[in-house]
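K.L.:
give me a model of this one.
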Amino acid sequence: MAGGITTTRLYDELKLWFAENGLTVPSQQAVAKSLKQRGYLKKRTYSGPDYDNSQRFRYIGLDIVTADERKYKGGA
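P.N.:
Next up is the predicted model:
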């Protein structure tokens, strides 16, 4: 099983979103705990969309969807 978003990229994107919306940024540990409670699997992988032969932790089955991608797919 491979793919998913790296833990670092997810947290960086979340920090930006929280800051842009004037919200308090949660700690990385709080984000990890919340995702674990929701059933997302964090797995060490060597492959994925940004494959470069390096080992990374990823949240399997989770990725970022931009506003443009939501519009294209017919979302809100």
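K.L.:
and Q29, what does it touch?
P.N.:
By CB atoms under 8 Å, 6 or more residues apart in numbering, no residues touch Q29. Yep, even glycine has a C-beta here, placed from its N, CA and C like the rest.
K.L.:
which helix or which strand is home to it?
P.N.:
Assessed by DSSP states H and E, Q29 sits inside helix 28-37.
K.L.:
for that helix, the distance to its chain's centre please.
P.N.:
Distance, stretch centre to chain centre, for helix 28-37: 11 Å (CA atoms, centre = their mean, to the nearest Å).
K.L.:
let me know the average pLDDT across it.
P.N.:
On average, the pLDDT along helix 28-37 is 95.
K.L.:
how about the spatially most central residue of the chain: what's its closest non-neighbour residue?
P.N.:
By CA atoms, centre = their mean, the chain has its centre lying nearest to L10, at 3.1 Å. Nearest residue to L10, sequence neighbours excluded (CB to CB, 6 or more residues apart in numbering): Y59, at 6.2 Å.
K.L.:
can you check I5 too?
P.N.:
Spatial nearest neighbour of I5, chain neighbours left out: D63 (4.9 Å); criterion: CB to CB, 6+ apart.
K.L.:
and R56, how many neighbours?
P.N.:
Close neighbours of R56, defined as other CB atoms under 10 Å, add up to 19.
K.L.:
the helix holding Q29: which residues count as buried?
P.N.:
V31, A32, L35 (16 or more other CB atoms under 10 Å).
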